[in-house]
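Undergrad: the sequence isn't on hand, but the structure is:
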């Protein structure tokens, strides 16, 4: 079985990599191609490549990074702030149970899992009406409409996972934010996207 057939089994059928002939596959995946040589950062080059008509390296990882870069390019930078664990963050998203409504959840970011992969996610924790609430959001979901960094911590944590905040007093990890103060962009979804 040749390498292109192996890649077809691993990648979804909608991928443009699969419709490309084997000769042009090297131009899509290899970091040494003339089109991508200067455009990609060093850690993206050489992840998956074609050498001597055979696929070398991790093709799935190359496809994954390309999809993440596409999603980042389509997002409006004004609505999506960069954040780290420990920051107070407000997220605006489409409620999956009621698509007509945009909902906001704010909290302290406990962790960011796999930020450079398609399945990356982050966890927010807040205390609402005396109850601790944790919510996990996928980083590259089309349901996310905005991420705002509300405040930085007084002292930057020295950990990547802040699960010790679960044992702390509620006043240490409660975030109260008013939607009017966040200046969210108006809802520009069509009636079909809203489910009307």
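TA: Sure, I can see it. Owing to the predicted nature of the structure, the values given are computational and were not obtained by experimental measurement. Numbering: from 1, shown residues only.

Undergrad: how many residues are close by the spatially closest residue to residue 177 that is not a sequence neighbour?
TA: Closest residue to residue 177 in three dimensions, ignoring its sequence neighbours and counting by CB to CB, 6 or more residues apart in numbering: residue 106, at 4.4 Å. To be clear about C-beta, it is placed using only N, CA and C from the backbone, and glycine gets the same treatment. Neighbours of residue 106 under the rule other CB atoms under 10 Å: 22.

Undergrad: contacting residues for residue 94?
TA: With contacts defined as CB atoms under 8 Å, 6 or more residues apart in numbering, residue 94 is in contact with 101, 102, 103, 143, 145, 189.

Undergrad: all helices of this protein, in order?
TA: Assigned by DSSP state H, the chain shows helices spanning 3-10, 16-19, 22-29, 59-74, 179-182, 191-194.

Undergrad: give me the sheet partners of whichever strand in the chain runs longest and which way each runs.
TA: Among the elements of type strand in the chain, defined by DSSP state E, the one spanning the most residues is strand 102-113. When pairs are called by DSSP bridges, strand 102-113 turns out to pair with strand 88-94 (antiparallel), strand 121-128 (antiparallel).

Undergrad: low-confidence ranges, this structure, go.
TA: Within the chain, the ranges that satisfy pLDDT under 70 run 1-56.

Undergrad: mind listing what's buried in the longest strand of the chain?
TA: Of all the residues in strand 102-113, those buried under the rule 16 or more other CB atoms under 10 Å are 102, 104, 105, 106, 107, 108, 109, 110, 111, 112.

Undergrad: go through these and say which is closest to residue 66.
TA: When these are compared for distance to residue 66 (CB to CB), residue 112 comes out closest, at 20.7 Å.

Undergrad: that closest one contacts residue 82, doesn't it?
TA: No: the criterion here is CB atoms under 8 Å, and residue 112 misses it with residue 82 at 10.5 Å.

Undergrad: quick one, what contacts the nearest residue to residue 112 once chain neighbours are set aside?
TA: Beyond its immediate neighbours in the sequence, the residue positioned closest to residue 112 (CB to CB, 6+ apart) is residue 122, lying 4.6 Å away. Residues near residue 122 by CB under 8 Å, 6+ apart: 83, 89, 109, 111, 112, 113, 115, 136, 137, 139.

Undergrad: who does the third one bridge with?
TA: Here residue 109 sits in beta bridges with residue 124, as judged by DSSP bridges.

Undergrad: tell me how far residue 93 lies from residue 152.
TA: Taking CB to CB, to the nearest Å as the measure, residue 93 and residue 152 are separated by 22 Å.
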